[in-house]
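> Any chance you could fold what I've pasted below:
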Amino acid sequence: MTEPVLTELRKLSDIATDMDLAANIRKDAIKSMGRIGTHEALLALLDLVSSEKLKVDERKLALQQAEKLIK
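Below is the predicted model:
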């Protein structure tokens with residue numbers, strides 16, 4: 001995996017878990033992680049699913065994005 005992609009995943013993960021940001025921005029970050037479509041993105045999404053920091057609907061969105069990558 002190239003370093004720019006890993007850096008982008010880290011940034012998106014930070015945005016997705018930043019509770020000071022609006023929910024739609026966090027959700028957009030989760031969707032962007034799903035569009036990356038790599039194994040590392042899948043792991044990052046699953047990490048979000050397990051995060052108790054996020055709201056339930058955001059965790060469900062992360063799970064849906066992870067399911068798309070698995071298919």
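
> Please make it C-alpha for all contacts and neighbour counts, starting now.
Will do.

> okay, which residue is most central for the protein?
Within the chain, one residue has its C-alpha closest to the average C-alpha position: by Cα atoms, centre = their mean, that is residue 30, at 3.6 Å.

> is it true that that one touches residue 45?
Yes - here residue 30 reaches residue 45: they are 7.3 Å apart, a contact under Cα atoms under 8 Å.

> any residues in contact with both of those two?
Overlap of the contact sets of residue 30 and residue 45 (by Cα atoms under 8 Å, 6 or more residues apart in numbering) consists of 62, 65.

> Quickly find the element holding the residue nearest to the centre of the chain.
Residue 30 is part of helix 23-36, with elements assigned from DSSP states H and E.

> list the helices and strands the next helix or strand after that helix packs on?
Beyond helix 23-36 in the direction of the C-terminus, DSSP H and E gives the next helix or strand as helix 39-49. Using 3 or more Cα pairs under 8 Å, 6 or more residues apart in numbering; DSSP states H and E as the contact definition, the elements that helix 39-49 packs against are helix 3-17, helix 23-36, helix 56-70.
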